[in-house]
Structure formats: C-alpha cells, structure tokens
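[1] everything below, folded, please.
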Amino acid sequence: MWITPEEVLIANALWVSERANPFFILQRRKGHGKGGGITGLLVGTMDVVLDSSARAAPYRILLQTGDSQVYWSIACGGSRMEITTHWEWLEANLLQTLSIFENDEDISTFVKGKISGIIAEENKSKQAQEEEDSGKFREAELKMRKLFGMPEEEKLVNYYSCSFWKGRVPRQGWLYLTVNHICFYSFLLGKEVTLISQWTDVTRLEKNATLLFPESVRVCTRDTEHFFSMFLNINDTFKLMEQLATIAIASFIVSSWHSLNPPSPPSRDLDARAKNERYRTLFRLTQEERLDGHTDCTLWAPFAKMHVTGQLFISNNYICFASREEDLCNLIIPLREVGSCTHARGRTRTRQWRFPLVCKGRSASPKKSISKTSSLCFGNTLPSPSLSLFFQAKEKMKEESWKIHFFEFGRGVCMYRTSKTRELVLNGLPECLRGELWLLFSGAQNEMATQPGYYGDLVEQAMGRCSLATEEIERDLHRSMPEHRAFQNEMGIAALRRVLTAYAHRNPGIGYCQAMNIVASVLLLYCTEEEAFWLLVALCERMLPDYYNTRVVGALVDQGVFEELTRACLPLLYEHMQELGVISSISLSWFLTLFLSVMPFDSAVLLVDCFFFEGIKVIFQVALAVLHDNMDALLACNDEGEAMTILGRYLDNVVNKQTVSSPIPHLHALLTSGDEPPPEIDVFDLIKSSYEKFGSLRSDVIEQMRFKQRLKVIQSLEDTAKRSVVSDLLAKHVMSCYWGLGGSAAADRHDPSLPYLEQYRIDLGQFCQLFGALAPWRCGVHTPILAARLFRLLDRNKDGLVNFKEFVTGLSGMYHGDMTEKLKLLYKLHLSPGEPDNSTHNSAVAEHFIELCKTLYNMFSEEGREQELYHSIATVASLLLRIGEVAKKFTNHTTKNAKTLAPSPPPAALDSLPPLQGSDEDGRDDTSVSSYSMVSTGSLQCDDITDDTVLIGCGGQRRGSVVDSDWSITFEQMLASVLTEPPLVDYFEKKGDIQTKMAACKAQRNVERQTSSSSDHELAQNSV
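    Numbers count the residues shown, from 1 in each chain. A predicted model of the protein is given here:
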C-alpha cells in the first residue's frame, strides 16, 4: 500500500535491493524469501517475535534523488505481487514526467505531493465506505425494507425525523428517502401511519410556510398532497428530495429506470452530481466532464489591468474561471491548450499565489482555431450587388469591431468573455464569423477538437442503413427551407441528409424529430458539415435538453415555464390568453425552431446568435416582448384564430434592416399583405426591448421553474399514455360491434326504408378511419384534416352522417377520375363551408390557398419522384401567386360599390402573366386577368362550382388583421398552372388500385381480431 513519505537515512541496513531505476528502488527485507544467511535468520526471527504493530512489511519502495544519501519510503507491501503492482504504476505514470524536472528538490516535492494525494483519495473512499457500512445506517435500511416491503435492490439514501400532517394533527415519525420512493412511518399511541409514494408519481414538490403549517415540505401526487415539517435542517432535506425527483424524471424520459441508480447512500454523490451539472451548464461543457474542485481566487485581466475576484473551477479536462460579478469575466481553458504552467514566486499584498498560464490557443489565428474543410457556401456570406453600400459598410464595421475584440480579449476557446462580448453579440454577428462564434459559445468547438474524425466515421456507418428515423428524414429533406437556394439542389440536400442521419445514428434514443431539419439547415448555411453536426449535438443534448424526442418533453416543459413567466410579468394578458388557449399553441413552434419557422430568416438568425451566447433565457425574453408589444390587440381578441393572426402578422414583419443578403419572402406574408401593410419592426429594437423589459430573468430561476414544470409534464404524459391504452381497449372490445368505433348504436344508423346503397351510414370518426386506410391521397399529419373536408363535402343533408353511396362516390373520384376531375375535387375540398351572403372580406382566401399548398406538399411523401413533384408544386404555387397579383391589379380599377365584376379581356391574360424571375412589375398590364365570373364563396354550394368560378372570399374579417381584398384565383387558372408541370400531370393521371388497399385493411382487421380473441381466452383461463 502507499504510505505517507518518511525519511530513511540508511537505505541498505537489513534490506536487499531487487529493482532500481534513476528515481526509485524496490527492496526486500532480509529474512524473507530465499537466502540471507545468519543475518536474514536473525532479522526474520526478530520480525516474528515483535508485536504486529512494530513489525516491518517485507517489501518497500524508496524514492532516491541523484547522489543524495537521503531516501523517502513511499510504499510497502506484504507480498511480492502487491509491491510489484505499485512499482509498475510508478514506472508507467511517473518516470517520463520526472525526467523533465531540472533539480532534485522539485522531483522530491512532486513525488511526495503525488503520493499524499493518492493516500487522501484512498482515505476518502474508505471513509465513505465506513459511513455506508455503519451499523446505524444499516439498521435503518433493514427497518425500511421490513416496514415497507422493499426489495434488496431498493437503496436507502437518507432518513430524517419529522412530522407528517394528517389533517390538522402532526404525526411524529421517520421519513425514508430511497432512490425510487418517498416513505413515512409513524407509530404513536397505538396508531400506525404508513405512506409510500414513488418519485414518478410526484407532480409538485415545494417548500412553503403558512399559518396552518409551519415551515414544511409539500409533496403533491396525482390524488393527494402531503405536508412534512419539523426537520432539523429542512433546506438539506428539500435539496435531496429535488435531486431524487430529478433523477427519477430523467430515468423516465430515457426509459431506463436503473441507469441512474446511485449507490447507497448517495447523498454525497448527489451533491457532487448537482455541482457537476451546474458547472457544465455554466461553461457549456460535455456530460462526461466531472468537477474535481473549486476555490476562490483572483484572475489578472490584462484587458482591464486589474485583478478580478471570482472562483476557479478545475475538472479533468478544463480550468475555468467565473467572476463574482455576473458577466464581468468568464474564462475557459482546455488543458489541451495549455503550453506551460509556472509557479510565480513572489509576495503579494493579498498573500495569494498567482499561476500564469501560457495557452497555445490564446494567440491562435482564425485558420488554426477553426479549419473549414468543406462548406455548402450557399449561406448569406456574399452580399447581393443590388444592396446599398451603406449596409455593406455596416457589415465591415462589425467585422472590424470583432477583430479589435479578438486582439484585446483573445480568440478561440481561451477568449475572455465579458460584457463587451455580449454587446457585440446583441449588435449581430458578422456573416463571415457567425459559424466560428456559434461553435465557440455553444461549446461545440471543444467536442469537435477532442474527437477528430468522429463525424466521418458516423457518416460511413449510417449511410445506406434504413430505419424509421431515415424514412422520416427523407420525408422532411425537401421541406427544409425550400425557399433558400442552398437547398434547391442535390448538393445541399445531400449535406443535410448526412448531418441528420449521422446524428440519428449517434443518438438512437432521439433519432430524428421534426424541427431538427429546420435548425440543421440553418446551421449548414454558416458551417461545414462537421461543424453543423457538433452544433446540432450541443443543441439537442445540452442547450435544449429533451426538446427533440418523440414526446418533445423539453419543449412542453418550457411551454409551462413560459406560461408561468407570462402570469408573473403580464398578468392581465395571461388571464385573457388562457381563456383563448393561445399560449400553448404558439410556444411550441417558437421554441422548437428558435423562431426560425415564424420569423423572416435574416431576423431569426440574430436570435440564434443571442441564443448560443445567452442560452434559452433570451428566447423567453423575446417571446415575452412579442406578447407585450401586441398586448392591446390581443386583449381585444375574441377567439384563438384572431390572436394567432395578430401574432403571425407581427412576426412576419420583424425585419433586419442591416442584412447584407437578399430577403427571403414568407408565403404567409405575401398572401396577407393588403393595401395598408402593417408597420415593420426592427429586430434589433425587439431584442433591445426584451432586455430592457425582461432582462432580469436569471438562468438559475428558469432551471428551478423547469424542475416544477417537468414534474407536471411527466405526469401528464404518463396519464395520457394510460388513457390512450384504455381507449384502445374500449375501441377494440366494447365498440367493435360497429366497425370498432362510434358513439351511437348500429340500429340508429341503419334505415331499411332507403335504397340498399344508402341504408348504412357512418359518422366523421369512422369516415376518417376508412379514409386513412383506403384513400390514395395520404398526407401524413394532414390526412385527418383532408378527410374532414371530404366528409363535409359529401354530407349533403348536413346530418353528420355519410352513406355508402356517398362514400364510394368520393373514393371513385380520387381513384378513377381523370386529372381534371381529381384537381376539381381537390379544389372543392379547400373551399370554406357556406357563410352569410354579405361576406365581402376574403381573408380566408389566403388561408385556403396555404392549406391547399400544405396538402400538395404532404401528398407526395411516398412517391418515387418525390423531389421532382416538390419542385413542380413550388413552381405552380409561385405561378398562382403571380396570377393572383394580376387579378388584384385588375380589380383595383373597378368600382368599389360593384357587386359583380365585368368580364375582362379574353384569355390572353395568361399570356401576359409576369415571369417567375425578377421583381419589377411596374411596366406590366394592370388589366390582364382571366375572363371568368367571380362570386363570393359565402353563397356558394360545393356542387355549384364550375370551371369559371373564382375563389374570392369567405368568413368575416378578424379584428387586428389586414387582408388583401382583391387577391383571387380560379379553378381554370389552377388547372392551367398544373398542366405546365409534367410530373404533376403524370401523378394525377395515374389510376389507383383500391383492391390492394382493401386487402391490406382486411389483413389488419384479421390480425386485430385474432389478438383480441387470444386476449379474451387468456382472461377467461385466469378467471377460472
């Protein structure tokens, strides 16, 4: 074993040297082993006679330095195997290091310090083991298992004496905290109280104090709530409860209940775990990083010529510093970047030691800190020639500001991060530095530097494999920023495919989740594939934990946090928004894509800049600022749709006036822009306003709120899963009498007096099920909406039922109709139901056109020519937008009071349509429009739609929205546009085969019936 270094003046007395090197000697005591003569015999006899406490070990290792006659005993052993293990460790770990030292004194100091550290670690482990095996704790653990019937695998963490409030009477007893349960037992005056709850059943955990209950811990479950008080140290108890609940939640999320099971008792391990988590979050480090220790210190800041007070953190791979004053100075030094470390000897006024670190990365050039091997080069890095020189000059000024910052504060991972850094980030990152700074602020650069070649190996392993994740990726590839030229060719699509597939292979627990494609596509615009991959890793695994999984737990948690923040910061608006149910609708899309899907690209990317530097805090701030700016309009809303329209239009008009790239238009913004466009909002003003009004938000407060919301979300998801299982059982066993669904009996649906094909009828739920199983138009998540539209169209008598004849008629049009009939049916499905005849506003036209585009985009996910069809749909949509603009110009010249529009010049209008490329439309013919009658869809029946009908209006105008009252298209215009694209013509002319669909449906029904029969048989046997 290792021993505290002791000085040995005579090294060879009574000892024989067996091994030696320039620094160490392994010796055997005479009288042990072979040989030794009379001297060895005397020494052996003496060792046997002496008391065991004075007896010397037969083997030892000495430290020798140069020609010095002073030796230090550092290890001893009772057997040759034991001492040989220590000797081999010294040769493997210290010999090479000691050869670097220049003098003997430094060698002795280093070795003695190393051995003392090893002994301290061993003593720490022994002490922990002794505490674990202490009789008192083992007795409590045995009692816990006996009282509550716990298995041997259930580990007791700690136990406390406290009071449990049952009604208004406190019951004194013992609270037992285990890895998976919270238990209480009391036996007082002949009355026994026993309580057992799983941590996964806890919905709320908080510390409070009221008049009725003194300072206590409140534990809420699904069914009830419990109060515990009179703790000796309530803060430590509550902290341990939080940690155990967090571990249980994490285990539930990853579906591995014992993967995080700590040893018994893990209270010290849990404290270390919490410290590690805070340390990793503060400095954006990987999950493998473990904090070795921290201490108060001062850092000499050369940029300010002063000492900064703060804390020094040391882990296995990093040395980090955080100033006591927030944002004054933070520093991260990877040990791989440390070139030398010297002990600065000298006296200082504060009697503190100073350790100057010379870092390789401090003066690294940009090319050395980030080497781009391959890049899409499609991003917004090149300014458009049509932009003014003013904006290009602004961009140059940003670059110069960052060059000055790099010169003053350093560049790369070892850069000093100060309040000046934050100011530059809030002013927007330069296009040419955005990728580099994203990697730096997110911590992805450290991961990429420590794992070279990892991404390439993942790509090789993942490509060519087929799984559910790869199928979902292929389905969403062409929906990832299709308006950006970087993803309008196979090179960009292939890069995005590799990044997403590599991550799905790295983390099969997440695989692929919707919205990851949008985020990854933006990352690729500014980074190489490998850099984008590591940024995606940082987002999914550290910065947005649990966001991108099948349950989007993290996003639901932050949705709850956002609601709580809205209630605290905007209480009046919160009450109204809760009545409308808006917050839950908007927050998911905002948070999952970091505003990229709801805001113009050049504006949203500035929020991404702030996010990588500040974390999720800035997303909450901006979301609150958006609600605050629209407070008056939102308070005047009467329904959810109106509020969504207001917020959507506001975000559509958040612009970046300093952009150096051509703006990417939003489809929604194009369709809803009226004669009086809404005012533009500068994104820099929005960010500044969010910091001024809500900048007091703190990351630690957000984490506490996340913990509370995580408990609620987990319980809600578990309850939903249980209800889903029960509903499925009811649907299969109880309601199987009528196609496995339904609310009314089969007798109510059957009318023998009607013709045979009209006797049997189905409701909307049954129709949607059959539509999903038999219809050729499968639109993913959009399928139920399309089914509901077709049901409404077929339900002529509006009784909520469709008979067999009507159902077959609808399917026949989709399977056997020609192209014109199919397109006309699709067109009819996207008209609104009947509205009052005085409906003159057509705000819904834009919405219906958007829904039509969504249907078409989702329709081709299972087609072999998927990419060609997507490009064709994009072309047709653009052409129809232009046609609508021409119709708008024509109607602007008509009389405002006219109820019917006069015919326009002949169909030559189509020939005068503006081309798809270019933006100058001033010289176009304003009177060009298709000569078809235009009627209001508010007074239109679906059967009355003819080829010359114009989709022009439906529904009343929503308050707070501006509409384009003149935009319109006709069915003939839609048909003519589709005819220009051969892939679409081939698709709609193709005949479907309903027999295959029916055979698959029947086979599925047979499997379900067999499963149901076997389950019933097992139940019957068990009951017997």
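
[2] and the strands in the stretch 701-850 of the chain?
    Under the criterion DSSP state E, counting those that start in this stretch, the stretch 701-850 of the chain contains strands at 761-762, 802-803.

[3] neighbouring contacts of the last one?
    When you say that, I think you mean strand 802-803. With CB atoms under 8 Å, 6 or more residues apart in numbering as the test, strand 802-803 has contacts from 754, 757-762, 767, 791, 794-795. Backbone N, C-alpha and C define where each C-beta goes, glycine included.

[4] so how do I select the buried members of these in PyMOL?
    Only the buried members of those enter the following PyMOL selection, criterion being 16 or more other CB atoms under 10 Å:
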select buried, resi 760+761+762+767+791+794+795
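
[5] got CSV for the contacts of strand 802-803, with distance to residue 618 too?
    As requested, the contacts of strand 802-803 are exported to CSV (distance: CB to CB, whole Å):
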residue, distance to residue 618
754, 63
757, 62
758, 61
759, 62
760, 58
761, 55
762, 51
767, 46
791, 45
794, 50
795, 49
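
[6] mind checking which of the strands of the stretch 701-850 of the chain is nearest residue 559?
    strand 761-762 (36.1 Å; CB to CB).

[7] does residue 873 really touch residue 857, like I thought?
    Yes - if you go by CB atoms under 8 Å, residue 873 and residue 857 touch, sitting 6.1 Å apart.

[8] coming back round to it: in JSON lines, list the strands of the stretch 701-850 of the chain along with distance to residue 513 and mean pLDDT.
    Formatted as JSON lines, the strands of the stretch 701-850 of the chain follow (distance: least, CB to CB, whole Å; pLDDT from 0 to 100):
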{"stretch": "strand 761-762", "distance to residue 513": "35", "mean pLDDT": "81"}
{"stretch": "strand 802-803", "distance to residue 513": "36", "mean pLDDT": "82"}
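
[9] dump these into CSV; add distance to residue 973 as well.
    Below are the strands of the stretch 701-850 of the chain laid out as CSV (distance: least, CB to CB, whole Å):
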stretch, distance to residue 973
strand 761-762, 35
strand 802-803, 31
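
[10] how about those strands, which one is nearest residue 719?
    When the strands of the stretch 701-850 of the chain are compared by CB to CB, strand 761-762 sits nearest residue 719, at 30.5 Å.

[11] the closest one packs against which elements?
    Helices and strands touching strand 761-762, as assessed by 3 or more CB pairs under 8 Å, 6 or more residues apart in numbering; DSSP states H and E, comprise strand 802-803.

[12] what's the distance between the strand it packs on and the middle of its chain?
    45 Å (CA atoms, centre = their mean, to the nearest Å).

[13] what does stretch 775-785 give?
    That offset, for stretch 775-785, works out to 28 Å (CA atoms, centre = their mean).

[14] ok, residue 116 - how many residues close by?
    14 (other CB atoms under 10 Å).

[15] pLDDT weak spots in the stretch 1-150 of the chain?
    9-13, 31-56, 67, 125-134 (pLDDT under 70).

[16] what do you get if the cut-off is 80, keeping everything else the same?
    Within the stretch 1-150 of the chain, the set of residues satisfying pLDDT under 80 comprises 1, 8-14, 29-57, 65-70, 78, 102, 123-136.

[17] which residues in it form helices?
    37-49, 80-93, 95-98, 104-132, 135-148 (DSSP state H, counting those that start in this stretch).

[18] out of those helices, which gets nearest to residue 426?
    Taking CB to CB, helix 104-132 is the member of the helices of the stretch 1-150 of the chain nearest to residue 426, at 44.7 Å.

[19] still on that earlier bit, want to throw the helices of the stretch 1-150 of the chain into CSV with distance to residue 689?
    Putting these into CSV (distance: least, CB to CB, whole Å) gives the following:
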stretch, distance to residue 689
helix 37-49, 83
helix 80-93, 57
helix 95-98, 56
helix 104-132, 52
helix 135-148, 55
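
[20] still on that earlier bit, to residue 658, which of the strands of the stretch 701-850 of the chain lies closest?
    strand 802-803 (55.9 Å).

[21] that closest one pairs with which strands, parallel or anti?
    strand 761-762 (antiparallel) (DSSP bridges).

[22] quick one, which of the helices of the stretch 1-150 of the chain is nearest to residue 419?
    Of the helices of the stretch 1-150 of the chain, nearest to residue 419 by CB to CB is helix 104-132, at 38.0 Å.

[23] what helices or strands is that closest one leaning on?
    strand 2-8, strand 59-63, strand 71-77, helix 95-98.

[24] buried sites along it?
    By neighbour count on 16+ other CB under 10 Å, the buried set for helix 104-132 is 107-108, 111, 114-115, 119.

[25] for the residue nearest the centre of the chain, which three-state class applies?
    For the chain, the residue nearest the mean C-alpha position is residue 547 (2.7 Å; CA atoms, centre = their mean). Three-state assignment for residue 547 (DSSP: H, G, I helix; E, B strand; the rest coil): coil.

[26] check what pLDDT it gets.
    Looking at residue 547, its pLDDT reads 87.

[27] pull the contacting residues for it.
    513, 539-540, 553-555, 591-592.

[28] these: which two are farthest apart?
    539 and 553 (15.3 Å).

[29] spatially nearest residue to residue 709, not counting backbone neighbours?
    The shortest distance from residue 709 to any non-neighbouring residue, by CB to CB, 6 or more residues apart in numbering, is to residue 560 (3.5 Å).

[30] average model confidence for the helix or strand containing that neighbour?
    Taking DSSP states H and E as the criterion, residue 560 maps to helix 553-569. Mean pLDDT, helix 553-569: 91.

[31] then stretch 980-990?
    For stretch 980-990, the mean pLDDT works out to 83.

[32] buried set for it?
    In stretch 980-990, counting by 16+ other CB under 10 Å, buried: 981, 983-984, 987-988.

[33] contacting residues for residue 619?
    590-591, 594-595, 607, 611.

[34] most neighbours, which of those?
    residue 594 (27 neighbours).

[35] that older thread, out of the buried residues of helix 104-132, which is nearest to residue 158?
    Closest to residue 158, out of all of these and judged by CB to CB, is residue 119, at 28.5 Å.

[36] check contacts around the nearest residue in space to that closest one that is not next to it in sequence.
    Nearest residue to residue 119, sequence neighbours excluded (CB to CB, 6+ apart): residue 2, at 5.4 Å. Shown in contact with residue 2 (CB under 8 Å, 6+ apart): 74-75, 86, 115, 118-119, 122.

[37] which strand residues bridge residue 2?
    residue 75.

[38] number of residues surrounding the residue nearest to residue 465 when sequence neighbours are not counted?
    Counting by CB to CB, 6+ apart, residue 505 is the residue found nearest to residue 465 once chain neighbours are left out, at 7.4 Å. Neighbour count for residue 505, taken as other CB under 10 Å: 20.

[39] mind checking how far the host helix or strand of residue 505 is from the chain centre?
    Here residue 505, judged by DSSP H and E, is contained in helix 490-506. Computed by CA atoms, centre = their mean, the chain-centroid distance of helix 490-506 equals 18 Å.

[40] got the CA coordinates for the strand or helix carrying residue 624 in PDB?
    Using DSSP H and E, the element containing residue 624 is helix 617-629. Extracted as PDB, the C-alpha positions of helix 617-629 are listed here (Å, rounded to 0.1, in the frame of the first residue of the first chain):
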ATOM      1  CA  LYS A 617     -33.100  32.800 -21.400                       C
ATOM      2  CA  VAL A 618     -33.100  35.100 -24.500                       C
ATOM      3  CA  ILE A 619     -35.900  33.100 -26.200                       C
ATOM      4  CA  PHE A 620     -38.100  33.600 -23.200                       C
ATOM      5  CA  GLN A 621     -37.300  37.300 -23.200                       C
ATOM      6  CA  VAL A 622     -38.100  37.800 -26.800                       C
ATOM      7  CA  ALA A 623     -41.300  35.800 -26.500                       C
ATOM      8  CA  LEU A 624     -42.500  38.000 -23.600                       C
ATOM      9  CA  ALA A 625     -41.500  41.100 -25.600                       C
ATOM     10  CA  VAL A 626     -43.700  39.900 -28.500                       C
ATOM     11  CA  LEU A 627     -46.700  39.500 -26.300                       C
ATOM     12  CA  HIS A 628     -46.100  42.800 -24.600                       C
ATOM     13  CA  ASP A 629     -45.900  44.700 -27.900                       C
END
